[in-house]
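Participant: Prediction below, plus the sequence it came from.
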Amino acid sequence: MNKENIFEAMENDILSADLTETVKNKMLKNIMKLKERKVNIMITGATGCGKSSTINALFDTEVAKVGVGVNPETMGYQ
Ligand SMILES: Nc1nc2c(ncn2[C@@H]2O[C@H](COP(=O)(O)OP(=O)(O)O)[C@@H](O)[C@H]2O)c(=O)[nH]1
Ligand SMILES: [Mg+2]
């Protein structure tokens, strides 16, 4: 499910829920705020524990270079 689909699903759930219009509007407004929010995630861990592999799995692409065994691949902040 991509980002847009998650928000769309949440909006549809709210619209079809048994709630007052005031509550629905408040929830929809909160979703609008959430859409604009950016988060920074720091992934830390020992060399070779699978940080790069996890990042690649999350983005379903090769964003981070995966090392071979426990030999370090990335030596600084990236
Ligand atoms: N068995 C196993 N190996 C993994 C897993 N995640 C990563 N690896 C392997 O561990 C090695 C180091 O992974 P990498 O993602 O580069 O680790 P990083 O140093 O923390 O970024 C690579 O050979 C990966 O293929 C896992 O969940 N299971
Ligand atoms: Mg790495």
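Facilitator: Now that the structure is in, tell me what you want to look at. Numbering: from 1, shown residues only. Ligands and ions are numbered 1, 2, ... in the order given.
Participant: low-confidence ranges in the chain?
Facilitator: For the chain, the stretches flagged by pLDDT under 70 are 1-4, 69-71, 78.
Participant: Residues contacting the helix ranked longest in it, please?
Facilitator: Assignment by DSSP state H gives helix 21-36 as the longest helix of the chain. Outside helix 21-36, the residues within contact range by CB atoms under 8 Å, 6 or more residues apart in numbering are 7, 10-11, 14-15, 17, 19. All C-beta spots, glycine's among them, are computed from the backbone N, C-alpha and C.
Participant: how about a cut-off of 10 Å?
Facilitator: Helix 21-36 has contacts (CB atoms under 10 Å, 6 or more residues apart in numbering) with 3-4, 6-8, 10-11, 13-17, 19-20.
Participant: CA atoms only for that helix - export them in CSV, please.
Facilitator: This file holds the C-alpha atoms of helix 21-36, laid out as CSV (Å, rounded to 0.1, in the frame of the first residue of the first chain):
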residue,chain,number,x,y,z
GLU,A,21,-19.9,15.6,11.1
THR,A,22,-18.0,17.7,13.6
VAL,A,23,-15.9,14.6,14.7
LYS,A,24,-15.4,13.5,11.1
ASN,A,25,-14.2,17.0,10.1
LYS,A,26,-11.8,17.1,13.1
MET,A,27,-10.3,13.7,12.1
LEU,A,28,-10.0,14.6,8.4
LYS,A,29,-8.2,17.8,9.4
ASN,A,30,-5.8,15.8,11.5
ILE,A,31,-5.1,13.5,8.5
MET,A,32,-4.3,16.6,6.4
LYS,A,33,-1.8,17.7,9.0
LEU,A,34,-0.3,14.2,9.1
LYS,A,35,0.2,14.2,5.3
GLU,A,36,2.4,17.3,5.6
